[in-house]
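Engineer: what's the 3D shape of this:
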Amino acid sequence: MTAHANNSANGSKTALVVGASGITGSALVDQLSRDGWEVLALSRRATTSENVRGIAADLRDRASLRAALAAEHPTHVFFTAWQRQATEVENIAVNGAMVRDLLAALAHAPLEHVALVTGLKHYLGPFEAYAAGKMPDTPFREEAARLDTPNFYYAQEDELFAAAALQGFTWSVHRSHTVIGHAVGNAMNMGLTIAVQATLAKHLGLPFVFPGSAAQWNGLTDMTDAGVLAEQMVWASTEPAGRDEAFNIVNGDVFRWRWMWPRLADLLGVPADQVVGFAGEARPLEMQMAEHVQHWPAIAAEYGLIESDISRLASWWHTDADLGREMEVVTDMGKSRAAGFLSFRRTDQAFADLFDRYRADRLIP
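Structural biologist: As a prediction, this is how the structure comes out:
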């Protein structure tokens, strides 16, 4: 604990962002850089920029982590990475080990706080048992008991708690809903997926079809902007009220997709007569788009876009999973509001700003 106290006394803060190239990691790097932190950005392929030093390491290789982090002394860790496996048993083994090995490789560091991102599958269940058993009632609240089913989020939490007890740092867990933010090559990217769907619809004259369920079309829901998630993680890492707590994190507004879908179409320039809502059954994007993805390289060439590989832009399966839910998914934010975290974001504006960034980066026309 002496190292922690000394570090706090001299005021220096060094953040290690794990999964720095992802949606949440990118937003954290931006937030921490603006706030004047020294930022270490860990990813498989290190990228260094102004005020940010990249560190290359393989999270599934303990030797790689030990070598990459041996000379680093972060005070705070923001863990945003995961790797999807074929079964939940494998998800638990792989993703739990990544948290355990990363923190073990920092046993020498003066860690003060570690923040971990998980999500609403904490309440809904993992992919292979999604909403299959008894779930807590909505809106989801942090005090709900864990589900009686294996879940890699629980494994990650348990590794975090064990390391905190051993190494003497405080922790926070951040349970987000669907996160929208800026990243390429991400396995869960609804914002860019919908933007690519709209681009194909405009270019090929296709209907812009809502892919999900009646429950999602008509029911209330919410989302998480990556910037708001980053703000909460930094807040919890630096404020006493955030220590050793789990927090839900969503934008703070609620909406129905029947309201949002035509607004997204308008933001993306899809003509109103091409916009199609729910019509009797879900129409998953994996099926809708299968015969049309072949046209993306030509579209990218025509508009001078920087990414011709549509698989790096659109995660059809994950958007289908989110929008295909057969139940209401709404999240309570009372705990962190009462603790002092008051950031708010309108979700339609978050989408608008995100689409503007995609255009500026020449990811969509």
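Engineer: before we move on, what SS does L40 have?
Structural biologist: Three-state assignment for L40 (DSSP: H, G, I helix; E, B strand; the rest coil): strand.
Engineer: SS state for the closest residue in space to it that isn't next to it in sequence?
Structural biologist: Leaving out its chain neighbours, the residue that sits closest to L40 by C-beta to C-beta, 6 or more residues apart in numbering is L16, at 4.6 Å. The way it works is simple: take the backbone N, C-alpha and C, and place the C-beta from them, glycine included. When classified by three-state DSSP, L16 comes out as strand.
Engineer: Same question for the one 4 residues further on.
Structural biologist: Three-state secondary structure (criterion: three-state DSSP) places A20 in coil.
Engineer: returning to what we had before: number of nearby residues for the residue nearest to L40?
Structural biologist: Neighbours of L16 under the rule other C-beta atoms under 10 Å: 25.
Engineer: my read: it touches E72, true?
Structural biologist: Yes: applying C-beta atoms under 8 Å, one finds L16 in contact with E72, separated by 6.9 Å.
Engineer: Show me the common contact partners of these two, please.
Structural biologist: Each of 40, 55, 106 lies in contact with both L16 and E72 under the rule C-beta atoms under 8 Å, 6 or more residues apart in numbering.
Engineer: so the last one makes contact with V77?
Structural biologist: Yes: L106 lies in contact with V77 (C-beta under 8 Å); the separation is 7.0 Å.
Engineer: And these two? Which one has more around it.
Structural biologist: With neighbours defined as other C-beta under 10 Å, L106 and V77 compare such that V77 has more, 28 against 23.
Engineer: Who are the contact partners of the more buried one?
Structural biologist: 15-16, 18, 102-103, 106, 111, 113-115.
Engineer: okay, and the helix or strand of the chain with the least pLDDT?
Structural biologist: The helix or strand of the chain with the poorest confidence is helix 2-10; it has a mean of 40 (mean pLDDT, DSSP states H and E).
Engineer: hang on, L220 packs against V250?
Structural biologist: No: taking contacts as C-beta under 8 Å, L220 lies outside contact range of V250: 11.7 Å.
Engineer: quick one: which of these two has more around it?
Structural biologist: Higher neighbour count among L220 and V250: V250, with 30 against 14, using other C-beta under 10 Å.
Engineer: Which parts of the stretch 101-250 of the chain are helices?
Structural biologist: Counting by DSSP state H, counting those that start in this stretch, the segments of the stretch 101-250 of the chain that form helices are 121-124, 152-167, 190-204, 214-218, 226-238.
Engineer: how about the ones you listed, which one is nearest D61?
Structural biologist: Each of these has some distance to D61 by C-beta to C-beta; the shortest is helix 152-167, at 16.7 Å.
Engineer: ok so, going back, now do the residue nearest to L40 against F78, distance only.
Structural biologist: 7 Å (C-beta to C-beta, to the nearest Å).
Engineer: these two touch, right, V270 and A198?
Structural biologist: Yes: assessed by C-beta under 8 Å, V270 is found in contact with A198 at 5.1 Å.
Engineer: burial measure for V89, as a count.
Structural biologist: For V89, the neighbour count with other C-beta under 10 Å is 12.
Engineer: ok, back up a step: and for V270 and A198, which residues touch both?
Structural biologist: Common neighbours of V270 and A198 are listed as F208 (criterion: C-beta under 8 Å, 6+ apart).
Engineer: Looking at these two, which is more packed in?
Structural biologist: Per other C-beta under 10 Å, whichever of V270 and A198 has more neighbours is A198, with 23 against 20.
Engineer: show me the contacts for the nearest residue in space to that one that is not next to it in sequence.
Structural biologist: With C-beta to C-beta, 6+ apart as the criterion, A198 has its nearest non-adjacent residue at 3.8 Å, and that residue is L268. L268 sits next to 194-195, 198-199, 202, 355, 364 when contact means C-beta under 8 Å, 6+ apart.
Engineer: Need the buried ones from these selected in PyMOL.
Structural biologist: To isolate the buried members of these in PyMOL, using 16 or more other C-beta atoms under 10 Å:
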select buried, resi 194+195+198+199+202+355+364
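Engineer: Any chance of the contacts of L268 in a markdown table with pLDDT as columns?
Structural biologist: Shown next, in a markdown table, are the contacts of L268 (pLDDT from 0 to 100):
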| residue | pLDDT |
| --- | --- |
| I194 | 97 |
| A195 | 97 |
| A198 | 98 |
| T199 | 98 |
| K202 | 97 |
| F355 | 97 |
| I364 | 97 |
